[in-house]
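**Q** with the input below, show me the fold.
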Amino acid sequence: MAPTEDEPSTAAGGHGRSARGRRRVVTMSLLRSGLFVAVLVTLYYLAPLDRPLDLGTWIGFVLGLLVFGATIAWQVRAILGSNVPRLRAIQAFAVGLTLLLLLFASTYIVIAHSASDSFSEPLSRTDALYFTVTVFATVGFGDIVPRTEVARIVTMIQMIMGLVALGLVAKVLLGAAQEAVQRRGAGPAAEPGFTGSPENPGSAR
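**A** Next comes the predicted model:
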């Protein structure tokens, strides 16, 4: 049957709807990520961190690292099943990185509260977050310096975790996204010689 004059406009309309749908997905994903990061930062500023450094602090620190690892593992599974895996990988990395930075910033606050000489100057929550970001980014301005052994040990752990986050975690998330893209791309081409319909399976050419 010959194509009608309406078909080009229908195709153009479908393409336009598809483009709008993609933009909507991207916008909603970015909004969710931004909202989640904002909630985490708000909780960081509201959390009762003015307490002594004790066994409970270290248990909470280890549990925080385990939560970070579990979050990454869950995000990998979500990426593999996502319709927008690359976008989901970026979202996962942003949320995971925020969790990691706030965990260390919270620990620095507790350390500074327990021993005022732990750092070269008293730390507010913003100071602790600033120090955490500079350590992660390996900038090293030198305006805030860990002085006690405990503060230096936690700083070294953060340096190692930063390398893991930038290297291994980013590779895992992006690898999962790439695998999901390849799976979706291979779906329609799974039967390259197939020419029939599902109701009438035609023969391969």
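**Q** could you find the closest non-adjacent residue to the residue nearest the centre of the chain?
**A** Centroid-nearest residue in the chain, with C-alpha atoms, centre = their mean: Phe93, separated by 2.0 Å. If the residues on either side of it in the chain are set aside, Phe93 comes closest to Leu173, at 5.5 Å by C-beta to C-beta, 6 or more residues apart in numbering. In short, each C-beta sits where N, CA and C put it, glycine included.
**Q** residues contacting the one you found?
**A** The contact partners of Leu173, taken as C-beta atoms under 8 Å, 6 or more residues apart in numbering, are Ile72, Gln75, Val76, Ile79, Ala89, Ala92, Phe93.
**Q** so how far is Arg88 from it?
**A** Distance, Leu173 to Arg88, by C-beta to C-beta, to the nearest Å: 9 Å.
**Q** any common contacting residues for these two?
**A** Contact criterion C-beta under 8 Å, 6+ apart; residues bridging Leu173 and Arg88 by contacting each: Gln75, Ile79.
**Q** secondary structure element for the closest residue to Leu123 other than its chain neighbours?
**A** Nearest-residue entry for Leu123: Ala112, 4.1 Å, with adjacent residues in sequence omitted and distances by C-beta to C-beta, 6+ apart. Using DSSP states H and E, the secondary-structure element containing Ala112 is helix 85-114.
**Q** mind listing what's buried along that helix?
**A** Burial within helix 85-114, assessed by neighbour count using 16 or more other C-beta atoms under 10 Å, is assigned to 85, 87-93, 95-114.
**Q** which of the residues in the helix or strand following it are buried?
**A** Once helix 85-114 ends, the next helix or strand along the chain (criterion: DSSP H and E) is helix 125-136. Along helix 125-136, these residues count as buried under the neighbour rule (16+ other C-beta under 10 Å): Arg125, Asp127, Ala128, Leu129, Tyr130, Phe131, Thr132, Val135, Phe136.
**Q** so where's this protein uncertain?
**A** Low-confidence segments of the chain, defined by pLDDT under 70: 1-17, 184-205.
**Q** which helix in it runs the most residues?
**A** Counting by DSSP state H, the longest helix found in the chain is helix 6-46.
**Q** what angle do it and helix 85-114 make?
**A** Relative orientation of helix 6-46 and helix 85-114, computed by axes from the mean of the first three to the mean of the last three C-alpha atoms, to 10 degrees: 10 degrees.
**Q** helix or strand right after helix 6-46?
**A** Next helix or strand after helix 6-46 toward the C-terminus (DSSP H and E): helix 55-80.
**Q** check the offset of that following helix from the chain's centre.
**A** The offset between the C-alpha centroid of helix 55-80 and the centroid of the whole chain comes to 12 Å, using C-alpha atoms, centre = their mean, to the nearest Å.
**Q** what of stretch 66-85?
**A** Centre to centre, stretch against its chain (C-alpha atoms, centre = their mean), the figure for stretch 66-85 is 9 Å.
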